[in-house]
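In: Following is a predicted model, sequence given first.
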Amino acid sequence: MKELALILILQLCYVPMLALRTISMVKKMTLLTSVFGIIECLIYVFGLSLVLTGNQTFWGLIVYALGYGLGLIVGIHVEDRLAIGYTSAIVNIRNKNEELIKFLRDTGFGVTIFEGEGRESTRYRLDILTKRNRESELLAIIEKFEPSAFVIFYEPKHFKGGYILSLMKRKRI
């Protein structure tokens with residue numbers, strides 16, 4: 001029974017580590033990817049050896065698979081909490097809400113404004129680039145000032161220059 005609990009615990013550690021390694025690899029974080037990979041490999045080999053050498057092969061396999069599935073859920077929550085990287089929000093609003101724009105800028109968000117023609121009227125588009133861990137804060141601010149705003153989030157892969165880059169150099173964000 002102890003071995004089954006250990007297998008489950010190992011899977012709950014292994015799979016989130018796999019998720020973090022994959023995410024850091026996609027984001028080209030070389031050293032972090034390597035560290036996660038080493039830890040992941042050690043957990044994987046140890047856990048698999050328990051399953052393959054134990055007396056409870058059938059139950060060990062079931063617990064191993066169950067742990068993997070639960071580990072995926074844990075991995076998603078861990079990554080969501082860490083929110084590594086940046087996000088780009090495109091916010092479409094009906095009126096040029098100066099109060100919203102000023103508040104966003106005063107709160108540290110870089111905002112670029114575009115004016116365009118919608119189907120029924122003039123629209124304003126706000127382009128906002130921020131760290132992913134501030135995404136929910138940004139959404140709450142937008143909801144407070146412009147509850148009917150249309151918002152889309154994208155995850156940029158590369159960016160060069162601009163407000164965020166100058167902030168990163170000054171503050172090391």
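Out: Good, I have the coordinates.
In: measure residue 96 to residue 51 for me?
Out: 61 Å (CB to CB, to the nearest Å). All C-beta spots, glycine's among them, are computed from the backbone N, C-alpha and C.
In: which one of these two has more residues nearby?
Out: A side-by-side neighbour count of residue 96 and residue 51, using other CB atoms under 10 Å, places residue 51 first with 22 against 13.
In: so who does the nearest residue to the more buried one once chain neighbours are set aside touch?
Out: Using CB to CB, 6 or more residues apart in numbering and skipping the chain neighbours, the partner closest in space to residue 51 is residue 60 (4.4 Å). Shown in contact with residue 60 (CB atoms under 8 Å, 6 or more residues apart in numbering): 3-4, 7, 50-51, 54.
In: repeat that with 10 Å
Out: Residues near residue 60 by CB atoms under 10 Å, 6 or more residues apart in numbering: 3-4, 7, 47-48, 50-54.
In: Now rank those by neighbours and give me the top one.
Out: Counting by other CB under 10 Å, top hit in the contacts of residue 60: residue 7 with 25 neighbours.
In: Quick check: bridge partners of residue 126?
Out: residue 91, residue 113 (DSSP bridges).
In: ok, and for the helix or strand hosting residue 47, which residues are buried?
Out: Using DSSP states H and E, residue 47 maps to helix 30-53. Neighbour counts using 16 or more other CB atoms under 10 Å place 32-33, 36-37, 39-40, 43-44, 47, 50-51 of helix 30-53 among the buried residues.
In: For residue 84, state which of the residues you listed is nearest.
Out: Distance to residue 84 across these (CB to CB) is lowest for residue 32, with 9.0 Å.
In: measure that closest one to residue 43 for me?
Out: For residue 32 relative to residue 43 (CB to CB), the value is 17 Å.
In: In what element of secondary structure is the residue lying closest to residue 39 once chain neighbours are set aside found?
Out: The shortest distance from residue 39 to any non-neighbouring residue, by CB to CB, 6+ apart, is to residue 17 (5.5 Å). Element membership for residue 17 (DSSP H and E) is helix 2-26.
In: and the angle from that helix to helix 30-53?
Out: 150 degrees (axes from the mean of the first three to the mean of the last three CA atoms, to 10 degrees).
In: who does helix 2-26 touch, helix- and strand-wise?
Out: helix 30-53, helix 57-82 (3 or more CB pairs under 10 Å, 6 or more residues apart in numbering; DSSP states H and E).
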